[in-house]
Every structure is written in C-alpha cells, then in structure tokens.
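need a structure here:
(chains A, B, C and D)
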2 protein chains.
Amino acid sequence: MPITIADVAARAKVSKTTVSRVLNGKGELDESTAARVRAVIDELGYVPSARAVNLARGRTRVVGMLVPSLTWPWMGEVLQGAVDVLEAEEYGLLLFTCNRGDDSMRQFAAQVAAKSFDGLLVIEPEGTLDYIKTLHHRGLPMVLIDDRDQLSGEQIPTVGTTNHSGAADAARHLLEIGRHKPLVITGPSRFGCTVQRTDGFTSVFAEAGHPIPAEHVVLGDFTRAAGVEGVREAIAAGRDFDAVFCHNDLCAFGAVQAILDSGRRVPEDVAVVGFDDIPMAGHHQPPLSTVHQPMREMGEAAARTLLAHFDGTPLPNRPTVIPATFTVRASTQA
Amino acid sequence: MPITIADVAARAKVSKTTVSRVLNGKGELDESTAARVRAVIDELGYVPSARAVNLARGRTRVVGMLVPSLTWPWMGEVLQGAVDVLEAEEYGLLLFTCNRGDDSMRQFAAQVAAKSFDGLLVIEPEGTLDYIKTLHHRGLPMVLIDDRDQLSGEQIPTVGTTNHSGAADAARHLLEIGRHKPLVITGPSRFGCTVQRTDGFTSVFAEAGHPIPAEHVVLGDFTRAAGVEGVREAIAAGRDFDAVFCHNDLCAFGAVQAILDSGRRVPEDVAVVGFDDIPMAGHHQPPLSTVHQPMREMGEAAARTLLAHFDGTPLPNRPTVIPATFTVRASTQA
DNA sequence: CTGAAAGCGCTTACAG
DNA sequence: CTGAAAGCGCTTACAG
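Okay, here's the model as predicted:
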C-alpha cells in the first residue's frame, strides 16, 4: 500500500493542496505549517507518484531518443552525453532504435502518438527523414544530431560538427608532413557528410598546388572492408599514393591492414588518416591519426537545447556547430 | 487541442466505457457498435494518452535500465538486445547510468521512488550492490545482467555467462596448438568473473600436466595498459612464456602490442587470447582469438525474463546462464 | 495563509 | 450489451 498525498495531508492535518504547495514550493505558506508537512513527508518517506504528476501537469519529464542502432562505435558517446545532461535536470531518457526496421518505427510512432515523452533527440535512421519532418511539423519539440546528413533548407533544430573544415585540417596535416599524393576513400555519396569531407579535403590539396585526380577518390561505405578494397584496388591499378584519407576510422583500419599486407609501412610509406576518433582509434596498431568528432559534446548540446526549449528558450533556427578537431597519432607520424 | 476518449465517445454516441472496451478488447460488445467506434477512432486518429492510461492502470509499460557507463565496448550489444525485446512487446526502456557518481544514483533513486518504471534491468555499477539488493527486497522486479560479479547466496534473478568454462576452452585451445607456458593477465581480484576465469584456465593446464606457476598469473585491471605492463614486466623478469591469456580484449590488445614491441611475433612466438569478443576484436591486427561473451543474448534474456514476470511467470531463482564460446582468430593461429 | 472542488484522461467495478 | 460513477494521485484556479 504505497502512501499518497492524502496520507501525508491527513497525518499533517492540512489539505492536499497545502502538501502540494510545500512539495512544489509554490504560493505563500506559513513556515511552521511547511515544516510540519516536511516532517511528515520525511517520516513517511513519501515521494509523489510520477504517473499522477505526469497526468496532472500534462508532461512526462521524459525525453525520447531515436537512433538507428546502439552498436555503432561512437553511439555510446552520444548517448552518454545526452543522458548526463538530462539526468542532471531530472529528466529521463526513453530509448528507441530502428534495429527491427519498420516494426521498430511503428512502435516508436505509437509512443509518439501516446505522448510518452515531451521531446525528442534523434540521430536519423536512414530513410526516416520525411517521417521525422512530419513529427516536427506536428509540433513535437526535437533536436537532430546530425552526423551524416545535410538537411538543406530544413528548419529542424540541429547539432552538427564541421565536416568540411575537419577534413581540411586532415589535408593540411598531410601536406605538412610532405604527402602530396593522397588516396581518398569516401562514405556513401548520398550523405551530406561525405560530400563535405571530400570537398574540404580535396580543396586544400588543390589550393596547395596538388590537385587530387579523380581516380584517387574512391567510393566507400564506411566499412572496414571498403578500406581494404580501396587500397588493394589502388595498388592493383598501379596508383602512386603516399597517404590515405578515409571517411571513417573503421575504413581506415582496413586501409592500414591492406597497406601492411602489401609490404608497405605505415606511416613511412603511406600515412593513414581516419574520421570519427572512435574509442579504438587510439588503441589501434598503429594508433590512428583522425578527425575527432565531438560526439559526446554533440549529445550534450542537443539535450541542453531541448531542455532550454522546455524552459521557454526558443529553439535555434540555425545549426549548433561543435568543431571537429584533428588528432595526430602514429599512423601519420613515425 | 488533443482529442480524448470523450471526443470519440461523443462522436460515436456511446459512453467512454464503451470506447475503452473496444480499445482494450474487454467485455462483450455488439459488433456493429464496436465497428462504429473503431471508425470514429480511425477518423479522428485517436490514440489514448499514455499518461492517463498509466495512472489508471497503475503501471507504466516502461522498464528501467541501470548501467555503469554507456561507453564500454560491449555495452551497446547488451542495450540493443534488451531494447529489441522490450520494443517488440511495446515496452519502453528508460536509461540510467552511473556516470556522474552519487548524484546519478540519487536521481535514479528518485525515479525508483516515484515509480517511473515497472521493473529494472541492471548491470551493477561497482559499489551499488547493497542498494540494488534493498530495492529488490522492497519488491521492485529486477533482473541482473552479471558480467563481473559473483552474487553468492543472493537470490536476485540473474543472467550470466560461463566464465569458468569459457576460460577452460581458451586453455584447451592453447594446449592443442602446443602452448604449455601461458602468462595470465587477470581482472581485478574483487570480481567473481576474475576468479572464475583464472580458475577455469589454470585448472585445465594443471590437469594437462602443465601447472601454471604463480608468477605467471599477474594482476590486471581490464585496461589496455595492464596488458602492456603485464607483458613488459614478464619479459623484464625473464619469464618464459609462449602464450598470454588476458581477462578481456582491451588488455589483450595491449599485450599484443608489448609482444610486438619486444621483437616477438604473434602468434608464432607468443599466442594471445582475450575475453569478451568486443566488436573490435575481429578488426584488430592480428584479429584476436577470444572468448565470446553473448552480451546481446544476455540483454535479450534479461528483458524476456522481466517481461515474463509481468505476465505472471515467477522469476527464476537460479541464474540463467548463456554459454560463452571460444572464437579462434589469427592471434593464436598463423 | 489555507482549503474545497474541479480537472488531467483514462479504467473498472457496479448496476441495469 | 451498455452506461453512470468512482477512482487512479496529483495540480491548480478559485474562494475565503
């Protein structure tokens, strides 16, 4: 028999209204009355039922988070950032993934319709952007954490990073260590981040007087296999390259392997740079130079933006950008 | 102005009770009435408010999950397993971490007291076992996902794996490939899993007539650095070893590095085996032979056990054990 | 400074 | 087969 506000009121000989007031610190109330009520609350160990408070207030103090999958290497960082911020503000995080495809989305949609949470953080599962936009237009407060897509002309609040300048930094670093003939292994071309990373990287080389020939930019898909294949094919085709820039770390791991397998050394013969800076990057052999994506900070920023909106701050209409930073390790420097 | 059950009732010219009945499929009701109500529900796009249903029913259809941190290499797997099962049963997953220490636990405790969820899945954050036990005794339905601790004599429902026989399998494999002088780098000795892994491994070697000397079992802490240090010190001390068994993969990565740094080859001179089989294990150079912990299956099993309990199945009083399996890769086989 | 009453949006005996 | 009413446990005008 859980105790309720009525029990507290009876024991303290006041109305439920008064108990509610001391609970929420609203309205003027006699200090001695308040003290008495507080004593009873402590004595009974009373805690208001979240379910009742939620219904009465019309909110849940819960934020939903939709992500494609939980097993991606950097997903834990984003989640941890979001959870830390939400938790500190006494919000809960209700987690949704798209792992089971359409059925997952159906369940998610049901929870949205039932108003199980007050707002949404989302890393867009591929192919769900239209649906997400619909929810946004219907008035669901949300913040997108955008690691891949370029949402041209879209006004959904977004937290992103600097794909273009991160890639440019990687290019400058390679130029500095004297590499002029890089191979680039990209992500899928449908992603905005792929376009930006390619552009940022190639434009720096072009400006430096070392334009990258089209055959040196090979299409990948963010997998380790893409790194292996990209390097192998370049070698088989007789291409001359002294560096590889991969659009993510997993791909870079594959590139390193293919380079070593071919009898070349990393970084002496070929320097390798990744993108993401997943936890394993520094543990890899050799440790991987890479563009650090601030995933945790992005998760934090997204959560903070959403909470600020609940408190009345208007959602920003331009993306919040947290800079990516280049991290030098042994895969580019002996 | 969200539409409510009253709107549906009015439009269908029935009582809220009747609408509730067609919603929940309870009680006998005229098929034509039901059809009419369903039509109105569709027409209005009505979905019952989760908040109101929760209060009326006294449950939330939400399961809490408490984990130490979201950034551990295998955490995503456990979470994904749990989420997939919960989602399929239309349950939500409310995520809690212990990342901010005592403050985190305070927030968590507040949510427990407020009954924000119906049951709990927990990977015990170090030092919180007494608190968890208290919650269990107070009647909070829970299932422990036990990757480290041995809860001797404890009756909290648990899902675990076979640490002892997994380590024994690793030992047998090393014997099969002719290694008789392994080095063991353990986890912290306060963990039950450390004790079991050490015991499973050393007893197989002892039975095979190759007892492992005490100096060959070095205390580690599950970090990469422990692997590096353990191997370096063994080499410095002039120990003769032809294999290393590490109590987790991260540590094994470090061991591999230290071995290579010393001019030795893996696996020709020293074979290396890890434990966990984190996603990177197969991507490592060389790919790591390791004991596979079925983290995703453990997450699934824990969730299923909890849901079954909600449906009336008594919680099992002995641990659910999902076997660990040995996975051979290049770090033990050239 | 305090309380009675209505309301949040459902579910569920109870009665017919 | 169907509905009026009470109840879930709070919050919040409104009145005093």
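
wait, residue A:303 touches residue A:92, no?
No. Contact criterion CB atoms under 8 Å: residue A:303 and residue A:92 do not qualify, at 11.7 Å. Every C-beta, even on glycine, is put in place using the N, C-alpha and C of the backbone.

tell me the spacing between residue A:257 and residue A:156.
Using CB to CB, to the nearest Å, residue A:257 is found at 39 Å from residue A:156.

same check on residue A:228?
Residue A:228 sits 36 Å away from residue A:156, going by CB to CB.

how about residue A:173?
33 Å.

for residue A:212, same thing?
Here the criterion is CB to CB. By it, residue A:212 lies 34 Å from residue A:156.

then residue A:138?
From residue A:138 across to residue A:156, the span is 12 Å (CB to CB).

do the same with residue A:202
For residue A:202, the distance to residue A:156 - CB to CB - is 29 Å.

next one: residue A:40
Counting by CB to CB - residue A:40 and residue A:156 are separated by 47 Å.

show me the contacts for residue A:22.
The contact partners of residue A:22, by CB atoms under 8 Å, 6 or more residues apart in numbering or on different chains, come to A:29, A:33, A:34, A:37, A:38, A:41.

which residues touch the second one?
When you say that, I think you mean residue A:33. Residue A:33 is in contact with A:14, A:18, A:22, counting by CB under 8 Å, 6+ apart.

what are the phi and psi values at it?
phi -60, psi -50 (degrees, to the nearest 10).

what pLDDT is listed against it?
Listed pLDDT for residue A:33 reads 91.

how much space is there between it and residue A:44?
In terms of CB to CB, residue A:33 sits 17 Å off from residue A:44.

hmm, stretch A:254-272 in reach of chain B?
Yes. Remark: stretch A:254-272 sits within contact range of chain B at A:256, A:257, A:260, by CB under 8 Å from any CB of the partner chain.

and which of those is nearest to chain B?
residue A:257 (5.9 Å; CB to the nearest CB).

on the three-state scheme, the closest one is what?
Following DSSP: H, G, I helix; E, B strand; the rest coil, we place residue A:257 in the helix state.

kindly report the same for residue A:197.
Under three-state DSSP, residue A:197 falls in the helix class.

check contacts around it.
Neighbours of residue A:197 in contact, by CB under 8 Å, 6+ apart: A:163, A:164, A:166, A:167, A:186, A:187, A:247, A:275.

most neighbours, which of the residues of stretch A:254-272 next to chain B?
Comparing the residues of stretch A:254-272 next to chain B on neighbour count, residue A:256 comes out first with 27 neighbours (neighbours: other CB atoms under 10 Å in any protein chain shown).

wait, that one sits on residue A:271?
No. Using CB under 8 Å, residue A:256 is not in contact with residue A:271; the gap is 10.3 Å.

which regions of the stretch 1-150 of chain A sit below the pLDDT cut-off?
Residues of the stretch 1-150 of chain A that meet the criterion pLDDT under 70 lie in A:1, A:147-150.

show me where it has its strands.
For the stretch 1-150 of chain A, the strands defined by DSSP state E, counting those that start in this stretch cover A:62-67, A:92-97, A:119-122, A:142-145.

show me which of the contacts of residue A:22 are buried.
Among those, the ones that count as buried by 16 or more other CB atoms under 10 Å in any protein chain shown are A:34, A:37, A:41.

output stretch A:186-197 as PDB - backbone C-alpha positions only.
The C-alpha coordinates for stretch A:186-197 follow below in PDB (Å, rounded to 0.1, in the frame of the first residue of the first chain):
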ATOM      1  CA  THR A 186      34.700   8.100 -49.000                       C
ATOM      2  CA  GLY A 187      31.500   7.300 -47.400                       C
ATOM      3  CA  PRO A 188      28.300   6.700 -49.400                       C
ATOM      4  CA  SER A 189      27.800   9.600 -51.700                       C
ATOM      5  CA  ARG A 190      24.200  10.200 -50.600                       C
ATOM      6  CA  PHE A 191      25.400  11.500 -47.300                       C
ATOM      7  CA  GLY A 192      26.000  15.200 -46.800                       C
ATOM      8  CA  CYS A 193      29.000  14.500 -44.600                       C
ATOM      9  CA  THR A 194      30.600  12.500 -47.400                       C
ATOM     10  CA  VAL A 195      30.300  15.500 -49.800                       C
ATOM     11  CA  GLN A 196      31.600  17.900 -47.200                       C
ATOM     12  CA  ARG A 197      34.600  15.700 -46.200                       C
END
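
and it, which residues are buried?
By 16+ other CB under 10 Å, the buried positions in stretch A:186-197 come out as A:186, A:187, A:191, A:192, A:193, A:194, A:195, A:196, A:197.

burial check on residue A:216, number of neighbours?
Residue A:216 has 20 neighbouring residues, counting by other CB under 10 Å.

nearest residue to it in space, please, no chain neighbours.
Distance criterion CB to CB, 6 or more residues apart in numbering or on different chains; nearest residue to residue A:216, sequence neighbours excluded, is residue A:183 at 5.2 Å.

and that neighbour, what are its phi and psi?
With angles defined as degrees, to the nearest 10, residue A:183 sits at phi -100, psi 140.

then residue A:29?
The phi/psi pair for residue A:29 (degrees, to the nearest 10) reads phi -150, psi 150.

wait, it touches residue A:23, no?
No. Using CB under 8 Å as the test, residue A:29 is too far from residue A:23 to be in contact (11.1 Å).

OK, contacts around the residue positioned nearest the centre of chain A?
Chain A has residue A:78 as the residue nearest its centroid, 4.3 Å off, counting by CA atoms, centre = their mean. Applying CB under 8 Å, 6+ apart to residue A:78 gives the contacts A:67, A:123, A:145, A:295, A:296, A:298, A:299.

also residue A:74?
Taking CB under 8 Å, 6+ apart, we find residue A:74 in contact with A:147, A:276, A:278, A:279, A:293, A:295.

now, the most widely separated pair of those?
In the contacts of residue A:74, two members sit farther apart than any others by CB to CB. They are A:147 and A:279, at 15.7 Å.

show me which of these two is the more surrounded one.
Comparing residue A:147 with residue A:279 by other CB under 10 Å, the one with more neighbours is residue A:147, at 23 against 17.

circling back: what's the overlap in contacts for residue A:256 and residue A:271?
Joint contacts of residue A:256 and residue A:271 (CB under 8 Å, 6+ apart) are residue A:331.

pLDDT wise, what is the residue in the stretch 151-300 of chain A that chain B sits nearest to at?
As assessed by CB to the nearest CB, chain B sits closest to residue A:280 within the stretch 151-300 of chain A, at 4.8 Å. Listed pLDDT for residue A:280 reads 89.

how about the residue of the stretch 101-250 of chain A found nearest DNA strand D, what does it touch?
Proximity of the stretch 101-250 of chain A to DNA strand D (CB to the nearest atom of the strand) peaks at residue A:118, 14.2 Å away. Counting by CB under 8 Å, 6+ apart, residue A:118 touches A:59, A:60, A:61, A:62, A:63, A:141, A:310.

and the gap between it and residue B:286?
Taking CB to CB, one finds residue A:118 at 49 Å from residue B:286.

and for residue A:84?
Distance, residue A:84 to residue B:286, by CB to CB: 36 Å.

DNA strand C contacts on chain A?
A:13-18, A:21, A:27-30, A:33-34, A:55-56, A:58 (CB under 7 Å from any atom of the strand).

between the residues you listed, which is nearest DNA strand C?
For these, the minimum distance to DNA strand C (CB to the nearest atom of the strand) is 2.3 Å, reached by residue A:28.

now do the same contact list for residue A:295.
A:74, A:77, A:78, A:81, A:147.

thought the fourth one was touching residue A:322?
No. The pair residue A:81 / residue A:322 is not scored as a contact, 10.5 Å apart, by CB under 8 Å.

overlap in contacts, these two.
Joint contacts of residue A:81 and residue A:322 (CB under 8 Å, 6+ apart) are A:297, A:298, A:301.
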